[in-house]
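Participant: Output the structure for:
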Amino acid sequence: MPRDVGVVVVAAGKGERAGGGVPKQYRPIAGVPMLLRSVRPFAAHPDVLHIVVALPAADAAEPPAWLAGLGAHLSIVAGGATRTASVAAALDAMPAGCRVVLVHDAARPFVARETIDAVLTEARLGHGAVAAVPLGDTLKEAAPGGDGRTVARTVPREHLWRAQTPQGFPREVLAAAHARARQDGHVATDDAGLVERIGQPVRLVPDSPANVKVTTPDDFALAERRAEGGG
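Facilitator: Residues are numbered from 1 along each chain as shown. This is a model prediction of the structure:
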């Protein structure tokens, strides 16, 4: 396959829920910063031409030294106030040769090569693709008002998936989705939502629950155990 893939790694948040005194993307997991763990699978992929990492604005001018070891095909941008703004800034900095773009959360340090390949395969067919896991839990919707803990109804879980990353798109499709969002002042929790909003199809790519998002102290404890066990 051609070397024409650009990767956006979103790492511009504060990560305060994780504790630890530093932004969670810089916290080590078994001695390796989480952001570095998240970037490495893409840096090693033969189809990837360039990676853009969106960092907090204060860090973008002086990024962590350990990112330099990933090579010259990586650049840093200052993220925005929202995830949507951070991805847009990274997309604007992507070299022209990147015709397919993957977007990945720095908080997912255990993405598998098979997942990256499956998302890429779908994106190369001309539509969006989302790594996702079918919901296995029973869902309860809380009633409005009160303390928010009274069940209003049980939500059928059939046909429901939990969206993960990476998410992949033809570059022109993702750029059009962000242009519309910028025009309308719209923000979304993921890029697939922006692409859906402009009427473009998005495919679900079955992923592993092991591609976890590390957010809380408990998540870090589980990630440590997995990394130390060779996972």
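Participant: C-alpha from now on. contacts and neighbour counts both.
Facilitator: OK.
Participant: Tell me which residues of the lengthiest strand in the chain come out buried.
Facilitator: Across the chain, the longest stretch assigned as strand under DSSP state E is strand 161-170. For strand 161-170, the buried set under the neighbour-count rule, 16 or more other Cα atoms under 10 Å, comprises 163-170.
Participant: How far off centre is the host helix or strand of Arg182?
Facilitator: In this assignment (DSSP states H and E), Arg182 forms part of helix 171-184. Helix 171-184 sits 17 Å away from the centroid of its parent chain (Cα atoms, centre = their mean, to the nearest Å).
Participant: same thing with stretch 163-175?
Facilitator: 10 Å.
Participant: can you check stretch 126-141 too?
Facilitator: For stretch 126-141, the separation from the chain centroid amounts to 15 Å (computed by Cα atoms, centre = their mean).
Participant: Now do that stretch, average pLDDT.
Facilitator: The predicted model assigns stretch 126-141 a mean pLDDT of 96.
Participant: could you dump stretch 203-212 to CSV, C-alpha only?
Facilitator: What follows is the C-alpha trace of stretch 203-212 in CSV, where atoms were taken according to Å, rounded to 0.1, in the frame of the first residue of the first chain:
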residue,chain,number,x,y,z
ARG,A,203,-18.5,2.0,9.1
LEU,A,204,-18.2,0.2,12.4
VAL,A,205,-14.9,-1.8,12.8
PRO,A,206,-15.1,-4.5,15.5
ASP,A,207,-12.4,-3.8,18.0
SER,A,208,-11.1,-5.4,21.2
PRO,A,209,-12.2,-4.2,24.7
ALA,A,210,-8.5,-4.3,25.5
ASN,A,211,-8.2,-1.0,23.6
VAL,A,212,-9.2,0.8,26.7
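Participant: Distance from the chain centre to that stretch, please.
Facilitator: Going by Cα atoms, centre = their mean, the spacing between the C-alpha centre of stretch 203-212 and its chain's C-alpha centre is 12 Å.
Participant: What are the buried residues along that stretch?
Facilitator: Within stretch 203-212, the residues scored as buried using 16+ other Cα under 10 Å are 203-208, 211-212.
Participant: what sits up against that stretch?
Facilitator: Judged by Cα atoms under 8 Å, 6 or more residues apart in numbering, the contacts made with stretch 203-212 from elsewhere in the structure are 108-112, 115, 118-119, 122, 127-134, 164.
Participant: Buried only: go through the residues you listed for me.
Facilitator: Buried, going by 16+ other Cα under 10 Å: 108-111, 115, 118-119, 122, 127-134, 164, out of these.
Participant: Which ones among the residues you listed map onto strands?
Facilitator: Using DSSP E, the members of the buried ones among the contacts of stretch 203-212 that fall in strands are 128-134, 164.
Participant: rewinding a little: and of the buried residues of stretch 203-212, the nearest to Gly80?
Facilitator: In terms of Cα to Cα, no member of those lies closer to Gly80 than Val212, at 24.0 Å.
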